[in-house]
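Student: sequence and predicted structure, then a few things I'm wondering about:
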Amino acid sequence: MIDRIFAAPKGPDLQQGIDFALNNQLDYEIPTFYYVENLDNQEAEIARYRHLLRDFHGMLSMHGPIFDTNVVSMDPEILKISQHRYRQAIQVAKALDVRYLVFHSQWTPIYTAANVTRLWLNKVTDFWERLIDEEHLQDSNLTILVENFLDDVPDTMNTLLSRVDSPRLKACVDTGHINIFSEHSPIDWIRELGSHVAYIHAHNNGGELDSHDSFEKGMLDMEGFLNHVALLPQKIHLAIETSTIQGLESSYEMLKPYLSLQKEQFASKSFLI
């Protein structure tokens, strides 16, 4: 079932997105800390968000750094700065009482071609286990979400999350990324990852560019996907991650009937798995 809905617009006007969340009683995903300059200027950015969110009382999530990081790099300098960026993001998330912090898996099919999948999994499993321990996440309200980006299959992420086996490390399924990089459908990913899925980045596209279009604009059958997620017995948060406020508005309108549907199904205790 869809437990909570996050407004996650990627446009430049932060206040518009926050106002939409406030007006519709939604939660909110902070979008700007994937820029490393904001991580380096975090004291001022945290103050800015505290001001912007002064009237907001919902749940917060946040996206961490995206590009140019490799937390298990073979180059010690890249390794050092990548892990530093992740720790900076965790500091910001804790300061703003963020409940879910999203990082890309940083998996790439190149690892399959280079026959280093097992090595990558060993190193990244060790990284997440150490980070959860060293940042005391097991004693916090913060959950890290590993999001598919270039991932072509859900198996690798499933193996990683099964190995770490922590309530503080879960999956974020991104529908738009799946449409571009995977031959499996978003429903396939949800089924494969099962109880590891805690959060969804929901958006559509034409299959070539990560354009973060509204639900009704693109190749994906978002109606079928929303119907499937709404009728699952497990609780999953869903973030509408569109590039515009208009896309956020129209996507939320498409989502509303499925929230009513799941209320009817759960009232009758009938589930579609």
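Tutor: Cool, the structure landed.

Student: stretch 206-222: end-to-end distance?
Tutor: 13 Å (C-alpha to C-alpha, to the nearest Å).

Student: list the buried residues for that stretch?
Tutor: By 16 or more other C-beta atoms under 10 Å, the buried positions in stretch 206-222 come out as Ser211, His212, Asp213, Ser214, Phe215, Lys217, Gly218, Leu220, Met222. For glycine as for every other residue, the C-beta is placed from the backbone atoms N, C-alpha and C.

Student: now the strands: where do they sit in the stretch 101-250 of the chain?
Tutor: 143-147, 169-174, 197-202, 236-240 (DSSP state E, counting those that start in this stretch).

Student: mean neighbour count added to these, as a markdown table?
Tutor: A markdown table is the format used below for the strands of the stretch 101-250 of the chain (neighbours: other C-beta atoms under 10 Å):
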| stretch | mean neighbour count |
| --- | --- |
| strand 143-147 | 23 |
| strand 169-174 | 26 |
| strand 197-202 | 25 |
| strand 236-240 | 24 |
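
Student: how about these in CSV, adding distance to Arg191 and mean pLDDT?
Tutor: Output for the strands of the stretch 101-250 of the chain, formatted as CSV (distance: least, C-beta to C-beta, whole Å; pLDDT from 0 to 100):
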stretch, distance to Arg191, mean pLDDT
strand 143-147, 17, 98
strand 169-174, 11, 98
strand 197-202, 9, 98
strand 236-240, 13, 98
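
Student: can you check which of those strands gets nearest to Phe56?
Tutor: Distance to Phe56, taken as C-beta to C-beta, is lowest for strand 236-240 among these, at 15.4 Å.

Student: quick one on the thing from earlier: ok, so of the buried residues of stretch 206-222, who is nearest Gln42?
Tutor: Distances from Gln42 to the buried residues of stretch 206-222, taken by C-beta to C-beta, are shortest for His212, at 24.9 Å.
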